[in-house]
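Visitor: Dropping a prediction and its sequence here:
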Amino acid sequence: MPTPTLERGFKAWSERVASNVRRQLGIPSTAALDPWRLAAELGVRVVSPLDYPDLDAEVRAQLLDRDPSGWSAATLVVGDTAIVVFNPKHSPGRRASDVIHELAHIMLEHDPATVVFSQDGQMATRTFDQKQEDEANWLGWTLLLPRVALMAARRRRMPARAIAQEYGVSETLVRYRLQVTGVEIQTRRTKARPATSHGSPT
């Protein structure tokens, strides 16, 4: 996961968004965020191909059997409703990351670089340019693992695996966020700092 080049202030703004979202949902600033709950708050439906029993058998087989690793999630627009379709074959942590990425695009009001309409003209899938993808990645991952939550977890001496389990994400994402937010370096320095004695010498 390379660190993207983002506009100045975007990272700090993303942290504020993560805090505001939790406040709106009535959960602590360090609590895990359920992407499905955020989607409901945004009025976005989240589904998988399994939710469509009438889906063409050939399409279903391509998505879930022949090429389950070839796609992650996509946002479809039906009328005025946004629908995030996720890949149920991925791990729970990966699914959370996939869904939050699509929600981040919606929250950022990104204009799609490419729009592909279905034959009846009612449905559209969207793709974005690299700048928009970088922004959605950063905002999405900040929503899942804000810096304040990572600091709190490290103060509790939680290893990356435990943080991943508590926040419903992958361990890879935890390690990435610990590095790019500076939390890993900060907590290491704190541990290495010698204790200061406040008592009188004897």
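Guide: Done, it's in.
Visitor: Around the closest residue to L150 other than its chain neighbours, how many other residues sit close by?
Guide: Distances taken as CB to CB, 6 or more residues apart in numbering place V183 nearest to L150, at 4.5 Å, with adjacent residues excluded. Placement of C-beta: from N, CA and C, glycine included. By the criterion of other CB atoms under 10 Å, V183 has 20 neighbours.
Visitor: likewise V180?
Guide: Neighbour count for V180, taken as other CB under 10 Å: 18.
Visitor: Kindly report the same for A57.
Guide: 8.
Visitor: measure it to L50 for me?
Guide: Distance of A57 to L50, computed by CB to CB, to the nearest Å: 13 Å.
Visitor: ok now do F128, which residues does it touch?
Guide: 105, 110, 112-113, 136 (CB atoms under 8 Å, 6 or more residues apart in numbering).
Visitor: where does E171 land on pLDDT?
Guide: At E171, the model reports a pLDDT of 97.
Visitor: Identify the spatial nearest neighbour of it, chain neighbours not counted.
Guide: Among residues not flanking E171 along the chain, A164 sits closest, at 4.3 Å (CB to CB, 6+ apart).
Visitor: ok, back up a step: can I get the buried part of the contacts of F128 as one PyMOL selection?
Guide: PyMOL command restricting the contacts of F128 to the buried ones, with burial defined by 16 or more other CB atoms under 10 Å:
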select buried, resi 105+110+112+136
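Visitor: Nearest to A152 among the contacts of F128?
Guide: Closest approach between the contacts of F128 and A152, by CB to CB: A136, at 25.1 Å.
Visitor: where does this structure have low pLDDT?
Guide: Counting by pLDDT under 70, the chain contains low-confidence ranges at 2-3, 113-125, 190-202.
Visitor: Quick one: the strands in it, in order.
Guide: Along the chain, counting by DSSP state E, strands occupy 45-47, 73-78, 81-86, 114-117, 123-127.
Visitor: is it possible to export the ones you listed to CSV including distance to R189?
Guide: Listed next are these as CSV, based on distance: least, CB to CB, whole Å:
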stretch, distance to R189
strand 45-47, 40
strand 73-78, 37
strand 81-86, 39
strand 114-117, 45
strand 123-127, 42
